[in-house]
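# Whatever this is, show me its structure:
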Amino acid sequence: MDIQIIISQMLMLFAMMLTGYMVWRIGWFDEPAYQKLSKIVVNILNPILVLNGVLGKDSAGDTSLILQNLGFVVFFYLLLIAAGFLFVWILRPVKAEKRLYRLMTIFPNVGFMGIPVITGIFGMECMIYIVFYMLGYNLLLYTYGLALAGKAARDAGGKAASDCAGGTWKRMINPGVLCGVAAIVIFMLRIRVPAPAANYCSYMGNATIPLSMLLIGMSIAKADLKTIFSNVRVYLYTAMKMLLLPAAMIALLKPLPADPVIFGVFVLQLAMPVGSIVTLIAKESGADEICCTNGIVLSTLASLITIPLVCVFLS
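Alright, predicted model coming up:
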């Protein structure tokens, strides 16, 4: 694993985030425009990028690798659920924030950050492995995630939004899940799509990464950085989640006879910052979204340093 390539990749992503930060600060974007672009990226471009990652790939002989990856995905989410309890026990946040720290731990940014970083390191061939993480993410988010956010709202002395529990199954049937399932079917059955459709997915999917980074940069520009940088607990949380946990898994699991790419995807997904959707879920549920925003912004900024460090441990 060439560390120089990884650092170059992170610097490129940082430059994209910085562009988004500047675009927001000079007033070229406002909140309604941000929300609309976010919907386009989440519901159209990102799902198409998932499809594009498997088009033209041959699954022959890869069944054992897919099953191995599936095992890592299941372990990934079980590990994060357990780590959420551990981090809360160590950090001792106030009652209203305990479940929010667990929420931030269980739902890292496996899509917006995971796709550009991991495909930049291992190539687009690893997209089929990332798809399973995204599917697990959606299934868990709209079940366990919503339940945690609702309980966090009650912990804060409020009343969980009544519409959070309703429509759970409807929310799970979204473009990301549908395209993820379609990608698995296309890959496993080796379905050939017409060239115009493949080109469409290529052009549309390629727009996802820069636009995703622009949105992350804008979200950082909207945050109160003084408050975030003065929160010692968030620093400790970020270090445990994005450095200590991946390093511990490398030390414990690297001796296993796992495929290096599949293991690398697993470790790098552990090192991803907190997913931006966590704030939206918390806000909609009536919980304290500021706590989640602090975790998202600081972990995203820290990832520019922590991800290359994790890659050093991995190499």
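
# Would you check that Val110 makes contact with Ala271?
No: with contact defined as C-beta atoms under 8 Å, Val110 does not reach Ala271; the gap is 10.9 Å. Every C-beta, even on glycine, is put in place using the N, C-alpha and C of the backbone.

# Those two - which one has more neighbours?
Using other C-beta atoms under 10 Å as the criterion, Val110 and Ala271 rank with Ala271 on top: 28 against 24.

# Show me the shaky parts of the chain.
1-2, 57-61, 156-172 (pLDDT under 70).

# Only alpha carbons, please: show the helix or strand hosting Met249 as PDB.
Per DSSP states H and E, Met249 falls inside helix 245-253. Taking C-alpha atoms only, helix 245-253 is exported to PDB below (Å, rounded to 0.1, in the frame of the first residue of the first chain):
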ATOM      1  CA  LEU A 245     -10.500   0.800  17.200                       C
ATOM      2  CA  PRO A 246      -9.100   0.300  13.700                       C
ATOM      3  CA  ALA A 247      -5.600  -0.300  15.100                       C
ATOM      4  CA  ALA A 248      -6.900  -2.900  17.600                       C
ATOM      5  CA  MET A 249      -8.700  -4.800  14.800                       C
ATOM      6  CA  ILE A 250      -5.600  -4.700  12.700                       C
ATOM      7  CA  ALA A 251      -3.600  -6.200  15.600                       C
ATOM      8  CA  LEU A 252      -6.200  -8.800  16.300                       C
ATOM      9  CA  LEU A 253      -7.400  -9.900  12.900                       C
END
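
# which parts of that helix are buried?
Leu245, Pro246, Ala247, Met249, Ile250 (16 or more other C-beta atoms under 10 Å).

# Quick check: the gap between the third one and Asp62.
By that I understand Ala247. 29 Å (C-beta to C-beta, to the nearest Å).

# now do the last one
When C-beta to C-beta is the yardstick, Ile250 and Asp62 sit 24 Å from each other.

# One more: the second one?
Pro246 sits 25 Å away from Asp62 when distances are taken as C-beta to C-beta.

# so what does the strand or helix carrying Ser8 touch, helix or strand wise?
Using DSSP H and E, Ser8 sits in helix 3-25. Applying 3 or more C-beta pairs under 8 Å, 6 or more residues apart in numbering; DSSP states H and E, one finds that helix 3-25 makes contact with helix 114-122, helix 208-222, helix 289-314.
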